[in-house]
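J.: Here is my input, please return the structure:
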Amino acid sequence: MASLKELRARINSVKSTKKITSAMKMVAAAKMHRAEKRSREAKPFATTMQRILVNLKESLGDRPGMPKLLAGTGKQDLHLLIPMSSDRGLAGGFNGNINRATRDLIQKLLKEGKNVKICPIGFKAYVYFRGEYPDLVVGPEGGDHRLGNVTFETADQVASYIEKLLETQQCDVCTVVYNQFKNVMLQIPTALQLIPLNVAMTEEKQKETLDEKLATRTEQLQAEYLFEPEPEEVLHRLLPQNLRVQLLSAMLETNAGEQGARMTAMDSATRNAGKAIDKLSLHYNRTRQANITSELTEVISGANAA
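T.: Below you'll find the model as predicted:
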């Protein structure tokens, strides 16, 4: 049985931990609100840009000479996967879910005889895949694979690397795997194909982003537009920007999801610490009462013997 001194030390230790987890929860909540705001503001822009490109692609048809960022290389052999995680832990299953989803996709592609490369964004994903698939991990020169503070420059660096692989015929298909932020309690691992542009995925993503009434109205109003300059030139100008915007949107959702997951994890840890303190305090009081009773019994027995 633990002594009173040991129980007091354990109670004080758990109380200190509870203070830390409570503070981390409040910090994560403040960061999450800012990150969620950025993600919410960027998502409609990213979805609309993707929809414009899909309309352009449909209006041009399957003509030869389409940009690689839109139509790909015409092959499906070399797959580049970009899993996005956080740089830090203490976020529940946030990073583990992404790692598992990406690992399942890798195994599926390898069974199909495809060649796979992994460009992890986020230190946790980098450490995991460097250990699991060291020969498949690639990345921009000088990059440390950290997500860091999400900026357009971060997305631009990754996009430039993807374009380089595409031009040197080291990539046919590019897919980003990230946690789609639904709410504080729910982040869904999502695989979004960036190259070639996936029409079905774009339409599904648009319906998720816009409310049902607006999405229906958007479908009804779709028409063939006259572009100035020509559609081909519009494509060449928009496609590089679209790649960067889609990456930025995924990074922002990852950032918001990380803070939401951490807030939830720290809230759970704080509540569990409170329960542990209650149990330890009860044990402490019972032990103290037993010790007092034992001492009183000894005193009374000694007095009677005298």
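J.: Tell me if I'm right that Ser281 and Ile11 touch.
T.: Yes. Between Ser281 and Ile11 there is a contact under CB atoms under 8 Å: 6.3 Å. Using the backbone N, CA and C atoms, a C-beta is placed for each residue, glycine as well.
J.: if you count what's nearby, which of those two comes out ahead?
T.: Ile11 (17 against 13; other CB atoms under 10 Å).
J.: what bits of this structure have low per-residue confidence?
T.: Applying pLDDT under 70 to the chain picks out residues 1, 61, 64, 142-144, 199-229, 306.
J.: Mind doing that once more with 50?
T.: Scanning the chain with the threshold set as pLDDT under 50 gives 206, 209-210, 212-214, 217, 220-221.
J.: Would you map the strands across it?
T.: Here the chain has its strands, by DSSP state E, at 78-83, 115-118, 173-183, 186-195.
J.: Compile those strands into JSON lines and extend it with columns for mean neighbour count.
T.: Output for the strands of the chain, formatted as JSON lines (neighbours: other CB atoms under 10 Å):
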{"stretch": "strand 78-83", "mean neighbour count": "23"}
{"stretch": "strand 115-118", "mean neighbour count": "19"}
{"stretch": "strand 173-183", "mean neighbour count": "22"}
{"stretch": "strand 186-195", "mean neighbour count": "19"}
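J.: I'd like those laid out as a markdown table, including distance to Asn291.
T.: Below are these laid out as a markdown table (distance: least, CB to CB, whole Å):
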| stretch | distance to Asn291 |
| --- | --- |
| strand 78-83 | 56 |
| strand 115-118 | 60 |
| strand 173-183 | 50 |
| strand 186-195 | 49 |
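J.: right, and those strands - which one's nearest Glu167?
T.: Nearest to Glu167, of all those, is strand 186-195, at 11.8 Å by CB to CB.
J.: Partner strands of that closest one and their direction?
T.: strand 173-183 (antiparallel) (DSSP bridges).
J.: could you give the angle of the strand it pairs with to strand 78-83?
T.: With axes from the mean of the first three to the mean of the last three CA atoms, to 10 degrees applied, the angle from strand 173-183 to strand 78-83 works out at 20 degrees.
J.: Any idea how far strand 173-183 is from the middle of the chain?
T.: 7 Å (CA atoms, centre = their mean, to the nearest Å).
J.: can you list contacts of that strand?
T.: 36, 39, 72, 76, 78-84, 94, 97-98, 101-102, 105, 162, 166, 187-196, 246-247, 250-251, 253-254, 256-258, 260-261 (CB atoms under 8 Å, 6 or more residues apart in numbering).
J.: if we can go back for a sec, out of the strands of the chain, flag the one nearest Met32.
T.: strand 173-183 (9.4 Å).
J.: Contact partners for Asn242?
T.: Counting by CB under 8 Å, 6+ apart, Asn242 touches 49-50, 53, 69.
J.: Same list (those) but as JSON lines, adding neighbour count and distance to Asn183.
T.: Below are the contacts of Asn242 laid out as JSON lines (neighbours: other CB atoms under 10 Å; distance: CB to CB, whole Å):
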{"residue": "Met49", "neighbour count": "18", "distance to Asn183": "25"}
{"residue": "Gln50", "neighbour count": "26", "distance to Asn183": "23"}
{"residue": "Leu53", "neighbour count": "20", "distance to Asn183": "29"}
{"residue": "Leu69", "neighbour count": "23", "distance to Asn183": "32"}
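J.: Understood, closing this out.
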